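**Student:** what follows is a predicted structure for the sequence shown.
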Amino acid sequence: MASTATGDLLRRRAARLPRVTLAHLPTPLEELPRLAAHLGGPRIFIKRDDCTGLAFGGNKTRHNEFLLGEALAQGADLVVWGAGVQSNNCRQTAAACAKLGLAIHLVLACGHSGTELQGNLLLDHIAGASYEFVDAPLGPELDRVMAERAEQFRAAGRTVYVQSRALWGRAAVSYVLAMAELDEQLRERQVSPAAVYVSATGATGAGLVLGAAHLATADLVRSVLPIRWPWDEAASIAELANQAAELLGLPPDLSAAQVRVDGGHVGPGYGQASPEGMAALALAARLEGIFLDPAYTAKAMAALIADIRAGRYTSDQAVVFVHTGGTPALFAYRGDVESLIPRIFHAPPGA
């Protein structure tokens, strides 16, 4: 990966921002030789951000080092957060708040998920989050409900830090550093990847793109969308990347044309399992012992597998898959596992 900046420079710039320590870093980089051999394509490496440590790991733990660092710097005593019922974001944020001594209230959009105390919701409950279920869909409507709850808590005397899109540029800084971390690991192995795949629509993808723009080339990153938003996703990722650039004292000149998004693997909808995603999930588990989640990482892996099978990469190339976590949600998808992943039978001799 040709360098136009250094990881040390990016880390020095990030060190100016409020931050708390939550993640186990650096996360491992592993090769997946059995999956690569099965697909007959390039070498495949996996960046194990499911191993960030806190509450079964995931990408939001990196985000929260900067977001909750800012919350504490502002004197917050309550965090208002929200997403879907099986949100990996909420699970990691609830655990981070417990670790930091912050109260948290979750506003959870039901969507297509039930409210059974299972998967991520079970972990929210155990971690001590208060939570409510609402009918508002993800996006601007849920954001409005969270803003209303924050105002109600403020009126009661609480100092509130509330989730909003305005925060995601700060969260993206964490994935600029993740890209610097990945760049160093790849250099140690003398690997120059043809692409980096990640399930992302926001801060994670934006940070990786910005980091790649300064360490290699922005279009190295392929952001596989788990949801379709009613706006231009590439432009949105570029906007968040430029917000992160300003925080880091870098030129905010990333354009939407430099952002590669793939919206072809959302499947039936956000949070709903797709046959291709579940097939990818089974392949990763049965060939490499790597567990993905149906809503995010399985669909990103499905995109990578589809591109390899389409001949996008040659066998002498390499690609990287960023595992952003989410495995606790698997336990809420039992029906999809039973219907979409075939059971294996090993009959005894003579049976």
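**Tutor:** Here it is on my side, so go on.
**Student:** going by C-alpha atoms from here, please, whenever you check contacts or count neighbours.
**Tutor:** Fine.
**Student:** how about the helices of the stretch 201-350 of the chain, start to end?
**Tutor:** Secondary structure of the stretch 201-350 of the chain (DSSP state H, counting those that start in this stretch): helices at 203-215, 233-247, 275-288, 297-309, 334-340.
**Student:** could you identify which of those helices is most buried?
**Tutor:** When the helices of the stretch 201-350 of the chain are scored by mean count of other CA atoms under 10 Å, the highest mean neighbour count falls to helix 203-215 (a mean of 28).
**Student:** what helices and strands are in contact with that helix?
**Tutor:** Packed against helix 203-215 by the contact rule (3 or more CA pairs under 8 Å, 6 or more residues apart in numbering; DSSP states H and E) you find helix 168-189, strand 221-224, helix 233-247.
**Student:** mind doing that once more with 6 Å?
**Tutor:** Here helix 203-215 touches helix 168-189, helix 233-247, going by 3 or more CA pairs under 6 Å, 6 or more residues apart in numbering; DSSP states H and E.
**Student:** relative to helix 233-247, how tilted is it?
**Tutor:** Angle, helix 203-215 to helix 233-247, by axes from the mean of the first three to the mean of the last three CA atoms, to 10 degrees: 70 degrees.
**Student:** contact partners of helix 203-215?
**Tutor:** Helix 203-215 is contacted from outside by 3-5, 168, 171-173, 175-176, 179, 218, 221, 223, 237, 240-241, using CA atoms under 6 Å, 6 or more residues apart in numbering.
**Student:** Leu254: which of those residues is nearest?
**Tutor:** Set against Leu254, the nearest of the contacts of helix 203-215 by CA to CA is Ala241 (7.1 Å).
**Student:** and the closest one, what does it touch?
**Tutor:** 206-207, 210.
**Student:** same check on Val322?
**Tutor:** Val322 neighbours (CA under 6 Å, 6+ apart): 46-47, 198.
**Student:** those residues in strands, which ones?
**Tutor:** Using DSSP state E, the subset of the contacts of Val322 located in strands is 46-47, 198.
**Student:** which of these tops the neighbour count?
**Tutor:** For these, the largest neighbour count, defined by other CA atoms under 10 Å, is 28 neighbours, found at Val198.
**Student:** surely it and Ser223 touch.
**Tutor:** Yes - the pair Val198 and Ser223 qualifies as a contact (CA atoms under 6 Å) at a distance of 5.3 Å.
**Student:** start from the N-terminal end of this structure and give the strands.
**Tutor:** Under DSSP E, the chain gives strands at 29-31, 43-48, 78-84, 103-109, 130-134, 160-162, 195-199, 221-224, 260-262, 318-323.
**Student:** partners of the second one, with directions?
**Tutor:** Translated: strand 43-48. Here strand 43-48 is paired, per DSSP bridges, with strand 29-31 (antiparallel), strand 318-323 (parallel).
**Student:** reformat the contacts of Ala241 into a markdown table and put distance to Met146 and pLDDT next to each item.
**Tutor:** Below are the contacts of Ala241 laid out as a markdown table (distance: CA to CA, whole Å; pLDDT from 0 to 100):
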| residue | distance to Met146 | pLDDT |
| --- | --- | --- |
| Ala206 | 23 | 98 |
| Gly207 | 25 | 98 |
| Leu210 | 29 | 97 |
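**Student:** using TSV, lay out those residues together with distance to Gly41.
**Tutor:** Below are those laid out as TSV (distance: CA to CA, whole Å):
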residue	distance to Gly41
Ala206	27
Gly207	27
Leu210	28
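**Student:** coming back round to it: hey, which of the strands paired with strand 43-48 is tucked in deepest?
**Tutor:** strand 318-323 (a mean of 23).
**Student:** specify the angle between it and strand 195-199 in degrees.
**Tutor:** Going by the same axes, to 10 degrees, strand 318-323 makes 20 degrees with strand 195-199.
**Student:** strand 318-323 to helix 168-189, inter-axis angle?
**Tutor:** Using the same axes, to 10 degrees: strand 318-323 against helix 168-189 is 140 degrees.
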